[in-house]
Structures are given as structure tokens and as C-alpha cells.
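Colleague: Using only what follows, build the 3D model:
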Amino acid sequence: MDTEERRSGQGPERSARTPRQLWVEEPAERRRMPDPVRTAAVRAVLITSLTLIQAMVAFLSTLAGSWLAFPMTLSGVGSTVVATWAVLDVWITRQVWNQRNGVVSVPSSTARRMRRERRRARRTARSAARQDTRIRGRDTGGLSRA
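Modeller: I've put the predicted structure just below:
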């Protein structure tokens, strides 16, 4: 649905009697982030926002001449280090996820080809093992089970 059609409320398939929809579903342009990456991103946003609040409190208490200015400044430095690590953690988690699971959106993905080769090797090994047990089962040396 075009932006102009949405504004006017009249799409090509709309009639005069159909009420205008409140919510219009549009396909997502990007895929959803994997759970570990999203968790790391949420954690990074929370830590960064708390660090910014702490920096603001340290600045305002410095202007006010409060005794809280020095401890807040020291803890602000530590929080900055932690926030930097949290942001780096998002990047590292994303890289690890891509290396372990491959890039699914690319049809010629190396990870997909490697998984296919591993599956084929496992199938071959399983069928060879099955053949091995069949051959051993038949080879009784002429003895009967009586």
C-alpha cells in the first residue's frame, strides 16, 4: 500500500463502504535479531542510559557544590567502562552468532554448504555402519542358533 493511498484512506481495492483500517500490516524490512544478540543489546541500552543519568547527576551535584559530586564522578568513570564493555558485548555476540549459525539470508552461505557436507558425511557413515552390522550379522561361521 502506497503512502498516498494510506493517507487518503482509499486503496485500489477499497470501496466506499469499507471502514478505514486503524492498523495496516506491512512486511518487516529486516529480520529480527537473534535472542542472544537482542538480550545483549537491551542490556547495553539499559547500562548506557543509567550511565548517562549518573553523569548528569554528577554534573548537577558538582554545580550545586554537593558532597555527592566526587563519589558520583568516580562511579561515573567506572560506569563508563562498564557501558563501553556492554556495547562491545553486543558486537561480539553478533559476530559469534554469525560464525556459529551462518548468515541465513545469503543463499550461497558458506555455513549452509558446510552443514550440508556434514549431513552428507553423517549419512554416509551411518549407512556404512548399517552395512557393517548386516555383514557381521550374516557371518555366523556356519553355526546355527539352536
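
Colleague: Next, name the residue at the spatial heart of this protein.
Modeller: residue 34 (1.7 Å; CA atoms, centre = their mean).

Colleague: I'd like the next helix or strand past the helix or strand bottoming out on mean pLDDT in the chain.
Modeller: Every helix and strand of the chain was ranked by mean pLDDT, DSSP states H and E. The lowest is helix 3-8, at a mean of 59. Per DSSP states H and E, the first helix or strand lying C-terminal to helix 3-8 is helix 35-64.

Colleague: How far away from the center of its chain is that following helix?
Modeller: How far helix 35-64 lies from its chain's middle: 22 Å, per CA atoms, centre = their mean, to the nearest Å.

Colleague: Identify each buried residue in that helix, please.
Modeller: If you call a residue buried by 16 or more other CB atoms under 10 Å, then helix 35-64 has these buried ones: 37, 40-41, 44, 47-48, 51, 54-55, 57-58, 61. The C-beta positions use only the backbone N, C-alpha and C, and glycine is treated the same way.

Colleague: Out of these, the closest to residue 116 would be?
Modeller: residue 37 (25.0 Å; CB to CB).

Colleague: which intervals of the chain have sub-threshold pLDDT?
Modeller: Regions of the chain meeting the criterion pLDDT under 70 cover residues 1-16, 103-109, 137-146.

Colleague: show me what contacts residue 68?
Modeller: By CB atoms under 8 Å, 6 or more residues apart in numbering, the contact set of residue 68 is 57, 61.

Colleague: sorry, that was for residue 40
Modeller: Neighbours of residue 40 in contact, by CB under 8 Å, 6+ apart: 86, 89-90, 93-94.

Colleague: try 7 Å this time
Modeller: Neighbour list for residue 40: 89-90, 93 [criterion: CB atoms under 7 Å, 6 or more residues apart in numbering].

Colleague: Now, those residues that are in helices?
Modeller: 89-90, 93 (DSSP state H).

Colleague: Turn the residues you listed into TSV, columns for neighbour count and distance to residue 80.
Modeller: Formatted as TSV, the ones in helices among the contacts of residue 40 follow (neighbours: other CB atoms under 10 Å; distance: CB to CB, whole Å):
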residue	neighbour count	distance to residue 80
89	17	15
90	20	16
93	20	20
